[in-house]
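Peer 1: okay, predicted coordinates and the sequence, questions at the end:
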Amino acid sequence: MMISTKGRYALRVMIDLAEHPGDSVPLKEIAQRQDISEKYLEIILKSLVREKFLIGQRGKGGGYRLSKAPDAYTVGSILRLTEGSLAPVACLDQKAEQCPRLTSCRTFSMWHGLDKLIQEYLDGITIADLMAAYQAGDDYII
């Protein structure tokens, strides 16, 4: 499993918006701070708005803001939205048909266990956790 730029950028955007609460933040400001092209960022933001992760406002004073508190968003939910599936193998994808070899597959339980670990790990981390992971002043060196 490799997370695409779309998934990584979505996480960066969600953290950025969490760190700038209150008024809506214009797309241009987010793009500049995150060094992401406005066109590509617009695609990501549209999907986040469509799924109600963000609220988008048009016109003067428009922009984007989180629809919930930062601790209500898990990394897993954001990555599943942007990536589709986080399954390590195709047979574990929710949309996959049952594999005809499932009953004789000697590796299925291993892949299932890995999938469970991935899901639990990513669902155990929130945007608030990622914000707290880096706080100004945490770079003190002795």
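Peer 2: Perfect, thanks for sending it.

Peer 1: so for the biggest helix by length in the chain, mean pLDDT?
Peer 2: If you go by DSSP state H, the chain has its longest helix at helix 108-123. Across helix 108-123, pLDDT averages out at 95.

Peer 1: kindly report the same for stretch 44-61.
Peer 2: Rounded mean pLDDT across stretch 44-61 is 92.

Peer 1: could you pull out the strands for the chain?
Peer 2: 54-57, 63-66 (DSSP state E).

Peer 1: give me the buried positions along the helix or strand of the chain with the lowest mean pLDDT.
Peer 2: Of all helical and strand segments in the chain, the minimum by mean pLDDT, DSSP states H and E falls on helix 127-133, at a mean of 90. Under the neighbour-count criterion of 16 or more other C-beta atoms under 10 Å, helix 127-133 has 127, 130-131 buried. Quick note: C-beta positions are derived from backbone N, CA and C, even for glycine.

Peer 1: now it: how far from the chain's centre is it?
Peer 2: 13 Å (C-alpha atoms, centre = their mean, to the nearest Å).

Peer 1: ditto for stretch 117-127
Peer 2: With C-alpha atoms, centre = their mean as the basis, stretch 117-127 stands 11 Å off its chain's centre.

Peer 1: which residues touch the closest residue in space to Leu92 that isn't next to it in sequence?
Peer 2: Ranked by C-beta to C-beta, 6 or more residues apart in numbering and with sequence neighbours excluded, the top spatial neighbour of Leu92 is Asp115, at 4.9 Å. Neighbouring residues of Asp115 by C-beta atoms under 8 Å, 6 or more residues apart in numbering: 86-89, 92.

Peer 1: I'd like those residues laid out as CSV, including pLDDT and distance to Tyr9.
Peer 2: Formatted as CSV, the contacts of Asp115 follow (pLDDT from 0 to 100; distance: C-beta to C-beta, whole Å):
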residue, pLDDT, distance to Tyr9
Leu86, 91, 17
Ala87, 89, 21
Pro88, 90, 22
Val89, 88, 25
Leu92, 88, 25
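
Peer 1: tabulate these (a markdown table), appending neighbour count and distance to Ser109.
Peer 2: Formatted as a markdown table, the contacts of Asp115 follow (neighbours: other C-beta atoms under 10 Å; distance: C-beta to C-beta, whole Å):
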| residue | neighbour count | distance to Ser109 |
| --- | --- | --- |
| Leu86 | 18 | 18 |
| Ala87 | 20 | 15 |
| Pro88 | 17 | 13 |
| Val89 | 16 | 12 |
| Leu92 | 19 | 11 |
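
Peer 1: all set, thanks.
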